[in-house]
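S.K.: Here is the input, now give the coordinates:
(2 chains)
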Amino acid sequence: DAGVIQSPRHEVTEMGQEVTLRCKPISGHDYLFWYRQTMMRGLELLIYFNNNVPIDDSGMPEDRFSAKMPNASFSTLKIQPSEPRDSAVYFCASRETGKNEQFFGPGTRLTVL
Amino acid sequence: GQSLEQPSEVTAVEGAIVQINCTYQTSGFYGLSWYQQHDGGAPTFLSYNALDGLEETGRFSSFLSRSDSYGYLLLQELQMKDSASYFCAVNQAGTALIFGKGTTLSVSS
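M.R.: All right, here's what the predicted structure looks like:
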């Protein structure tokens, strides 16, 4: 299996622009998680889905952030409009029901100028 | 509130043994996980403890005491490649992970 796939790997954008991060979970995994990692705040859970349904979005920082999972093999995290403080590495992870291990993708390094 | 505390940095030499402690205060505790992250890489799973006691996986072991809200990761026979950040994470409601700030381990020769 290819593992969790994220794109793009790096994104540089200007303040105010819309940013869309993409994730393909491991086939057969029914949980999908979006995390953000910064030096100051560490690794934070933003939102997670089970069977394509958002279960907990309490970690989404504000209304500028939105996430969707239209099918079992694809999810997006959108930031509109982006701000410099959104600069971070965004990880997607997936997990199979009944298992404890979460598999992380390589991450998207976002820089907002 | 929820909090996990772990040391920010640990240094050791090759061949040594290192213990990274983690104390937590959370609601809905199901278990404690440990993840390793090399610089520029993604977190990778090391271990999970749901019950009190020690779990051993090769050179790495993990311990949990639910009554003390405490766990640790024990790394034996340290190698240079073990230099990385190590995160403890609480499994909440059996699904979501709440991560500590991480411990940076530096192994020197």
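
S.K.: Which is the succeeding secondary structure element to the lowest-mean-pLDDT helix or strand in chain B?
M.R.: Sorting the helices and strands of chain B by mean pLDDT, DSSP states H and E puts strand B:96-99 at the bottom, at a mean of 88. The helix or strand immediately downstream of strand B:96-99 is strand B:103-108, counting by DSSP states H and E.

S.K.: and that following strand, is it in reach of chain A?
M.R.: No. Counting by CB under 8 Å from any CB of the partner chain, chain A has no neighbours in strand B:103-108; the shortest distance is 11.3 Å. Heads up, the C-betas are built off the backbone N, CA and C, glycines and all.

S.K.: now for that strand, which elements pack on it?
M.R.: Counting contacts by 3 or more CB pairs under 8 Å, 6 or more residues apart in numbering or on different chains; DSSP states H and E, strand B:103-108 is packed against strand B:9-13, strand B:18-25, strand B:84-92.

S.K.: Get me the contact residues on chain A for chain B.
M.R.: Contact residues, chain A versus chain B (CB under 8 Å from any CB): A:31, A:33, A:42-45, A:48, A:50, A:55-56, A:91, A:93, A:95, A:100-107.

S.K.: Show me which of those are buried.
M.R.: By neighbour count, with 16 or more other CB atoms under 10 Å in any protein chain shown, the residues of chain A next to chain B hold A:31, A:33, A:42-43, A:45, A:48, A:56, A:91, A:93, A:95, A:100, A:102-107 as buried.

S.K.: I'd like the distance between the spatially closest residue to residue A:73 that is not a sequence neighbour and chain B.
M.R.: The shortest distance from residue A:73 to any non-neighbouring residue, by CB to CB, 6 or more residues apart in numbering or on different chains, is to residue A:24 (5.7 Å). Using CB to the nearest CB, to the nearest Å, residue A:24 is found at 14 Å from chain B.

S.K.: is residue A:24 in a bridge, and if so with what?
M.R.: Under the criterion DSSP bridges, residue A:24 forms beta bridges with residue A:5.

S.K.: helix/strand/coil for the residue located most distally from the centre of chain A?
M.R.: Largest separation from the mean C-alpha position in chain A: residue A:98, at 21.8 Å (CA atoms, centre = their mean). At residue A:98, secondary structure determined by DSSP: H, G, I helix; E, B strand; the rest coil is coil.

S.K.: Same question for residue A:60.
M.R.: Classification of residue A:60 by three-state DSSP places it in coil.

S.K.: wait, isn't it in contact with residue A:77?
M.R.: No. Using CB atoms under 8 Å, residue A:60 is not in contact with residue A:77; the gap is 9.2 Å.
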